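Q: Only the shape, not the letters, is given here:
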């Protein structure tokens, strides 16, 4: 078998992706020419100003959150078709200025929206709690007939998915419209969403900054309001980092709560240790809740054998909370900006009547980060890196900066090492539980990172996630 | 350091244990002389006939389940003291004919019961949902001031526990009385509860048969009604096997639901793969529920960092269920007795109006057993066996029959092996989920074992648990 030149494969893939972008939704070169990874500009206002969206499309995409739009569609004030068209167009615009998408299937989305409108007319009720709502998916989720390249050149020639990820089935059964998949980093294990297949995601707030990762495409797309509800995945910050780099809301659920199964993974299926999760990015906190409540009320344990059979259970709503606050871990000092934001938040929480407890003693974030990285390196075969080698493509900068190819003759990690790591991890859990219980905490507020969005390829380690 | 002779250590330990058995509760030699591991007799009627229990003590221990007794104590119809005394005496009797106990602390129990009676008188309400109820614990649970030898000679010289297992704290906070710890097999990994420290548990239904294991002491004690509610642990059948060998109810909860932490373990704390759980044995199904509901309503996640933060959630009560039935797996044929019991049960379920689906196609029980044993053998150091070697005591017969000392130069299992095993295990989960979902099953009824209680040391592999 002759190994095809990886650049040729990429060129063909990019041409295929470009075909998904309708000619009439292309931005003028006056805008496109300003876009680059070194540009010191915000593109947040491009959708409203570029002239491609109608007044109504601007209103649909800017004046509501998902909860609101779904209610309007259920009340037939808006059709699923016009909502879908607005977000397809806005996502196409967002993509042209931030490179946030991997796959676009607008025709399928519009067809689905039409079907949902007919359904509502015929049945007199919405298909489900997400009826008509366009939802974006990180590229790793599988949708029948669409590709899941996850940024590996060696995955370009894989056939399109022949089945849906369980979470995709849940979203469809709940009435959602799927229209785009979003960009991510090579290996999915850095906070800079760049790969050789689709290129680099830019931060819409300032193009020269990172959008975060690994769900960086979601971060940029949701910040641009090209999606109001997107699905990412997170193991060491992959939802949370793009959310705070781009300025959206993001939530990492507990493990096994939202179906993670049936995705195209960079790692082995038998992976052990710290486990990844799926979760939402959105433009409002209540949309995060809408996503979680909908998924969990769908009984995900009937869709995915890794999902816990644990019903939705609202917690007691208190008027005042006991809030633990961590300003910084001495092992990873935070930037003054972050410190200021946390102190402002703390003051406001106190003023609102909450009890704030400043936490001074807690486990080392540096030690936790080191342990996490041992877990992320648990596969001696380095499967995630083998997928790079398979095509001859080079490592991208952020991967090169954070990982080193295992030196020849490196001693493999053993099961004994894993047991030791598990034990060390249990000690962290024990210490954190003690802090929660002894202080009777409802929640801990802490930095999402020691730094804000930074120039591309300089984010590196994420000790706070 | 000179290694003490293991027999001397055992003799000293047994003498210490014997001191916990009050002289006035000792059975006459006319009964004791009939007790042996080859005797073809039942001892279930000994408590009522031996003359040591008063009429009232017989009534307390024989006419109620725990739910009932707790209600009577709450209503002050019975005192915690008289209930505790009745069960202390009955447990002492059960022990003398089945060897089911490891530690007895009747004085402490009676003192606690007195305190609970005073509490109820003073506060006007019970301490909690288990107020006054004597609960037995498998030897592996830690209780301050008591030993946790778990049948290893090498553990005899360990100091008494200086803290409680989280589950023990929950039971105490719920008002329970703790009075005995129960016997188990060397390594905890066989279905014959024999070890060199405490000897062998006999089946009260017929002394020459196994009581099952590893929670065999609980099985025998609960069958004798020396306890109405006992706590065992289970990984491959350790609650379920003694429950059906002895004829009690037993329940293995899902992993991480009931706190398992803080026990004295035969294995490494960083253990991975198939995880053990704690759960109840009882004389009525509603007592199993009482145990689970009490533990989960105690918010075990505030006691044990391994317990899921998952509240008690009653399932919809249906009048008719869809029940899958497995008569046997062709890879492990079952005895005619078991088959007959299952067919009788199936007929009765049909007559009661339930939908019964006989399952013919399901994953191989032989393959699942083989995979489980690979998981149970995941520790290359063989820590559970090292604890035997440490004292020079021999392997007991059931351990010898089921395990072989690793041959010199055996190739260690690797992390890659673990990933492969995890993947194989996920396939089982996937297949079983499919059976549940496609048949819309509420529950599956299946054999607890391919055989009934059998003569000592012949139980061996438990493919059905």
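A: Sure, I can see it. Since this is a predicted model, take the numbers as computed values, not measurements.
Q: close enough to count as contact, residue A:420 and residue B:270?
A: Yes - between residue A:420 and residue B:270 there is a contact at 6.1 Å, judged by CB atoms under 8 Å. From N, CA and C alone the C-beta is placed, and that goes for glycine too.
Q: Tell me which of the two has more neighbours.
A: residue B:270 (18 against 15; other CB atoms under 10 Å in any protein chain shown).
Q: Could you pull up the residues touching that one?
A: Applying CB atoms under 8 Å, 6 or more residues apart in numbering or on different chains to residue B:270 gives the contacts A:418-423, A:426.
Q: ok, 6 Å please
A: A:419, A:422-423 (CB atoms under 6 Å, 6 or more residues apart in numbering or on different chains).
Q: out of the residues you listed, who has the most neighbours?
A: Among the contacts of residue B:270, residue A:419 has the most neighbours (other CB under 10 Å), with 21 neighbours.
Q: Need the nearest residue in space to that one, chain neighbours excluded.
A: Counting by CB to CB, 6 or more residues apart in numbering or on different chains, residue A:419 lies nearest to residue B:270, which is 3.4 Å off, once chain neighbours are set aside.
Q: State the helix or strand in which that neighbour lies.
A: Using DSSP states H and E, residue B:270 is not contained in any helix or strand.
Q: how far away is it from residue A:376?
A: To residue A:376, residue B:270 is 17 Å away according to CB to CB, to the nearest Å.
Q: before we move on, what about residue A:40?
A: Distance, residue A:40 to residue A:376, by CB to CB: 33 Å.
Q: do residue A:282 as well
A: Residue A:282 sits at a distance of 27 Å from residue A:376 (criterion: CB to CB).
Q: The two: which has the busier surroundings?
A: More crowded of residue A:282 and residue A:376, by other CB under 10 Å: residue A:282, with 25 against 19.
Q: My guess is that one contacts residue A:290. True?
A: No - when contacts are counted by CB atoms under 6 Å, residue A:282 is not listed as touching residue A:290 (8.1 Å).
Q: how about the helices of the stretch 201-350 of chain A, start to end?
A: Per DSSP state H, counting those that start in this stretch, the stretch 201-350 of chain A carries helices over the ranges A:216-223, A:240-246, A:285-297, A:336-351.
Q: for those helices, which one sits closest to residue A:407?
A: helix A:240-246 (29.1 Å; CB to CB).
Q: what's the distance between the closest residue to residue A:81 other than its chain neighbours and residue A:62?
A: Nearest non-adjacent residue to residue A:81, counting by CB to CB, 6+ apart: residue A:113, 4.5 Å away. Distance from residue A:113 to residue A:62, counting by CB to CB: 19 Å.
Q: neighbour-wise, which of the two wins?
A: Remark: of residue A:113 and residue A:62, residue A:113 carries more neighbours, 25 against 14, as counted by other CB under 10 Å.
Q: Now, the contacts of residue B:270 that are in helices?
A: With DSSP state H as the criterion, helices contain A:419, A:422-423 from among the contacts of residue B:270.
Q: hang on, isn't residue A:183 packed against residue A:219?
A: No - look at residue A:183 against residue A:219 with CB under 6 Å: they stay out of range, at 9.8 Å.
Q: residue ranges for the helices of the stretch 51-200 of chain A, please.
A: Taking DSSP H, counting those that start in this stretch as the test, the helices found in the stretch 51-200 of chain A are A:55-62, A:66-74, A:80-98, A:106-123, A:166-173.
Q: To residue B:305, which of these lies closest?
A: Among those, helix A:166-173 sits nearest to residue B:305 (CB to CB), with 27.9 Å.
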